[in-house]
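*Asks:* dropping the sequence and predicted coords here.
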Amino acid sequence: MIAYIVRRVLIAIPTLLLISFIIFAVLSLAPGDPLSAFARNPAITPQTRELMRKQLGLDQPWPVRYVKWLAASAQGELGMSFAAKIPVNELIKQRLPQTLKVVGIAYLIAVLVAIPIGILSAVKQYSIFDQAATTLAFIGFSLPSFFTGVLFVLIFAIKLGWFPTIYDTSLQVRDWHSFTLQIRQMVLPVGVLAVQQSAALTRFMRSSMLDNLPLDYVRTARAKGLTERSVVMRHVVTNSLIPVITLIALGIPTIFAGAIITENIFRVNGLGSLLINSIETSDTPVVMALAFIFAVLTVSFNLIADILYGVVDPRVRYN
Amino acid sequence: MAQIDPALDVSPATESAAPVRRLIPGIASRPRTLWGDAWRRFHRHKLAMIGSAVLLLLIVIIAFGPLVYRVDKEDLDFTAVQSPDIVSRVIQTLTTGTTSDGLGITLAHPMGTDDLGRDIFARVLYGGRISLLVGFVAMAIAVGLGSLVGALAGFFGGIIDQILMRVTDLFLSLPVLPLLLVTIYLFRDQTTRALGPVLGIFMIVVVMIGALAWMSTARIVRASFMSLKEKEFVEAANALGVSRGSIMFKHILPNVLSPIIVAATLEIGNAIIAESTLSFLGVGFPPDTPTWGRLVTDYYQSLQVAPYMAIWPGMMIFLSVLSINFIGDGLRDALDPRSRL
């Protein structure tokens, strides 16, 4: 087990190195000049621009810059933002809490909604409940999340006026009133992300339950005279959760990617909107850092999923 | 990789065994074929049949609609600026007795017009061609690439398999949406210059979506190839001196078609969503190329005053992807009854 984890971590490191190299190469080889914004500014002469280029290290060939970037990021320094003129770390530190709050709550809700629905769907297979849940799940993952957002805004914000259309990041929670405002403005972004995630999870939970229900151990449990409730809850559900736990871990990077879309709709001042803005302003260090963070998330949760799989399922052998 | 001990892994068929066929002795029926059986199973899947009908209808309308409905996407109708769509017209007439533009119920602009007086139906028809085409072409790239990688890895095994599977793992670890956004944003000017404004963006969008979506197909195909290459028919083909290329693509690949078709169907839906998301985020097609996702973004600003403008194109995305997902589910039941979502 330990050897397996160590080996997986050792594979993850070169994977991340390679991904960071690919992203860096893509960003460096792209046409377009990060300093092009200054080219339009008459107050900045071409000489000044060349000086800036030198100071930012942009006159060096990109493989050299990659090695420097790598050395710096290994020490936790992700560079300076061209646009905001502050360290990327600082920028991320400002934006991260917004994203984490929305994404974390959304995922928690998605899991808490999806698992019971999946269980019920499987236990009452082909019932009206199951068919309704199946249809809803299909609707859930056929709706692009930006369009779910548009529909939610139209129905709940514009028509019903229950929630604001825009997320106010400057809101400080001080008292009960501001707390309710904060909750209200989080409902829609959280809802959009939760709908999408729970749709897929419901289906996984259902199919995992359906895989387990006809197995011999279930018959044995029933033959022992256990109530149906305890057969399902104690035996089938725990076993069915094994593959689902892996999928829950694997879903975490996707929900962060989903945040790019919802933050754009609701103007949440988080990492996703930072990424879009930085791409549009050619703020390469920020784009690089964020893309790399997304890669780290994906690789680590793949790793966690694999390890979890072994922890919760003793049948898994490591070779 | 973590693997389940095969001796302990009991993977049962999730469905109860196929209902006992009506085997009436003495009646020689026509021989049943694999595809005939699949068609029968697909036919029984009601939602898949509905999905097929809806998708077919959408394709026909989008392909031939402009021949009948001769309004250009850029035509401006100053007599009807931001005039409501047919559904809003009916609702407004029923509730207030008249419509907001006073024209009552007409069929002139079935999906309404936008703030410049452009016909939304014409724009949706135009956008649909691009959005659906992106779906199909990106799928073809992803499935073609995935099948090739999977076939090579599964057939040759050994070091080739090792390398190709490491590459697959690497691609699975890439942050897809950020990478799509970055590459398309950075390289679209170049491809536009080389191939023209519509084709240039189209190619980069399709290639990037395809290049980041082939991995699941590769894994499915590889697994099938690994088991099939040990079968007698492959041995026979080998003994007859059939070339390796022929064995791979003429003998083994047709046996892997079922899972590939299922994966391909679902991939079309994913690609349509990916393209519309990119366009929505402002990184796909430019404003003068109104794909469905682009239309939703452009009209989102007017959601308060004229919600139908963003809803119609969004509904088209939803409807086509939903139909495709139902078809995919039906195909999975029909072609690949053991695996299901």
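*Replies:* Okay, I see it.

*Asks:* spatially central, which residue of chain A would that be?
*Replies:* With distances taken as Cα atoms, centre = their mean, A:F256 lies nearest the centre of chain A, 1.9 Å away.

*Asks:* my guess is that one contacts A:L100, does it?
*Replies:* No - if you go by Cβ atoms under 8 Å, A:F256 and A:L100 don't touch, sitting 9.4 Å apart. Every residue, glycine included, has its C-beta placed from N, CA and C.

*Asks:* next one: B:T183, what pLDDT does it get?
*Replies:* Per-residue confidence at B:T183 stands at 88 (pLDDT).

*Asks:* is it in contact with A:V26, as I believe?
*Replies:* Yes - if you go by Cβ under 8 Å, B:T183 and A:V26 touch, sitting 5.9 Å apart.

*Asks:* more neighbours: which of the two?
*Replies:* Each of B:T183 and A:V26 has its neighbours counted (other Cβ atoms under 10 Å in any protein chain shown); B:T183 has more, 21 against 17.

*Asks:* and for A:L27, the neighbour number?
*Replies:* By the measure other Cβ under 10 Å, the count of residues near A:L27 is 23.

*Asks:* what does the stretch 101-250 of chain B put close to chain A?
*Replies:* B:169-170, B:172-179, B:181-183, B:185-187, B:189-190 (Cβ under 8 Å from any Cβ of the partner chain).

*Asks:* so which of these are in helices?
*Replies:* In this view, those that belong to helices under DSSP state H are B:169-170, B:172, B:176-179, B:181-183, B:185-187, B:189-190.

*Asks:* how about the residues of the stretch 151-300 of chain A that lie near chain B?
*Replies:* Proximity of the stretch 151-300 of chain A to chain B, by Cβ under 8 Å from any Cβ, involves residues A:151, A:153-154, A:158, A:203-204, A:207, A:210-211, A:214-216, A:253, A:257, A:260-261, A:264-265, A:275-276, A:279-280, A:287, A:290-291, A:294-295, A:297-299.

*Asks:* how much space separates the closest residue to B:I204 other than its chain neighbours from A:L275?
*Replies:* Nearest non-adjacent residue to B:I204, counting by Cβ to Cβ, 6 or more residues apart in numbering or on different chains: B:T191, 4.6 Å away. For B:T191, the distance to A:L275 equals 22 Å [Cβ to Cβ, to the nearest Å].

*Asks:* could you do A:A221 as well?
*Replies:* Taken as Cβ to Cβ, the span from A:A221 to A:L275 is 49 Å.

*Asks:* give me the more crowded residue out of the two.
*Replies:* Taking other Cβ under 10 Å, A:A221 and A:L275 do not tie; A:L275 has more neighbours (30 against 19).

*Asks:* what comes into contact with the helix or strand where the more buried one lies?
*Replies:* Element membership of A:L275 [criterion: DSSP states H and E] is helix A:271-280. Residues outside helix A:271-280 that contact it (Cβ atoms under 8 Å, 6 or more residues apart in numbering or on different chains): A:81, A:83, A:91-92, A:95-96, A:98-99, A:256, A:259-264, A:267, A:283, A:286-287, A:290-291, A:293, B:178, B:181-182, B:185-186, B:281-283.

*Asks:* can you give me the helices in the stretch 101-250 of chain A?
*Replies:* Remark: helices assigned in the stretch 101-250 of chain A by DSSP state H, counting those that start in this stretch are A:128-142, A:145-152, A:176-212, A:216-223, A:228-230, A:237-266.

*Asks:* in contact with the residue nearest to B:I204, which residues?
*Replies:* Contact analysis of B:T191 by Cβ under 8 Å, 6+ apart lists B:200-201, B:203-204.

*Asks:* let me have those in TSV, extended by neighbour count.
*Replies:* Compiled in TSV, the contacts of B:T191 are given as follows (neighbours: other Cβ atoms under 10 Å in any protein chain shown):
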residue	neighbour count
B:G200	18
B:I201	26
B:M203	17
B:I204	23
